[in-house]
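Enquirer: Quick one: sequence plus predicted model below, questions after.
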Amino acid sequence: MNYELHEHAHHHDHPHVHPPVGEQAIRRGSGAVPCIGVGGPVGSGKTALIEALVPILLQRGHRPIVITNDIFVGEDARHVKRTLAGVLDPERVMGVETGSCPHTAVRDDPTMNLAAMEEMTQRFPDADLVLLESGGDNLTLTFSPALADYFIFVIDVAEGDKIPRKRGPGITHSDLLVINKIDLAPYVRASVEVMERDARQVREGRPFVLTNCLTGQGVEEVADHIVSHIAARPAA
């Protein structure tokens, strides 16, 4: 099925900040399959994180499905299918081509993604977890609470160690902040220690994890947070 998003009136590089959907939005019911929204800038490692998480979650007895967002092509979905070949049934991966700003499809008007989740959970009634990757966006990205009930924001060391200090709702208020590609710090003159210090300060007690998704460093800890969230959800 092809989903098309209505045209959005403004372009991606805009200076203003959309408010989160907020308390007035309808939140997902306790009986819905848990949806973990994974957002962050282009190239930060969102897809790599999902590809590293899926085998761990399967090993722990979970039955995930994956939905990826791209603006024009389904490249991330194809990449996930290739990488997880023999690990996850490729039919459990769906690509959504949004045709518009990444935040539109996950926050302002998540209709396409809600339809994709409904289709996938009907096709795979055994699914107990949705991993939903937004298209690459800036630091203002958030997920509608009607779409995702847990929000992971991914940044990477190669963007510079000042990134946590730039704040933005993804960095300050996501349920979990992932600081990825920590192995690249020496090559880009960045300090993981500075990023760790600043993340701790701006997040005011909210958790964050340092990762190298290619080697798996820190990914088990990310999985721990996801599993804890699922376990803490109220029964249907």
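Expert: Received, thanks.

Enquirer: now stretch 148-160, how far from the chain's geometric center?
Expert: 7 Å (Cα atoms, centre = their mean, to the nearest Å).

Enquirer: and that stretch, average pLDDT?
Expert: For stretch 148-160, mean pLDDT rounds to 97.

Enquirer: Just the C-alpha atoms of that stretch, please, in PDB.
Expert: Presented in PDB, the C-alpha positions along stretch 148-160 are these (Å, rounded to 0.1, in the frame of the first residue of the first chain):
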ATOM      1  CA  ALA A 148       4.500   7.000  19.700                       C
ATOM      2  CA  ASP A 149       4.400   6.400  23.400                       C
ATOM      3  CA  TYR A 150       8.200   6.400  23.800                       C
ATOM      4  CA  PHE A 151      10.600   8.700  22.100                       C
ATOM      5  CA  ILE A 152      14.300   8.100  21.400                       C
ATOM      6  CA  PHE A 153      16.300  10.900  20.000                       C
ATOM      7  CA  VAL A 154      19.600  10.100  18.300                       C
ATOM      8  CA  ILE A 155      22.500  12.500  17.900                       C
ATOM      9  CA  ASP A 156      26.100  11.600  17.000                       C
ATOM     10  CA  VAL A 157      29.600  12.800  18.000                       C
ATOM     11  CA  ALA A 158      30.500  13.700  14.500                       C
ATOM     12  CA  GLU A 159      28.000  16.600  14.600                       C
ATOM     13  CA  GLY A 160      30.300  18.200  17.200                       C
END
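
Enquirer: and Gln201, how many neighbours?
Expert: 10 (other Cβ atoms under 10 Å). All C-beta spots, glycine's among them, are computed from the backbone N, C-alpha and C.

Enquirer: and the most centrally placed residue in the chain, what are its bridge partners?
Expert: Geometric centre of the chain, nearest residue: Val38, 0.2 Å, by Cα atoms, centre = their mean. Val38 has these beta-bridge partners by DSSP bridges: Glu133, Ile152.

Enquirer: Residues contacting the helix or strand of the chain with the lowest mean pLDDT, please?
Expert: Lowest on mean pLDDT, DSSP states H and E among the helices and strands of the chain sits helix 102-103, with a mean of 77. Contacts to helix 102-103, defined as Cβ atoms under 8 Å, 6 or more residues apart in numbering, come from residues 12, 18, 39, 69, 71, 134-137, 140-142.
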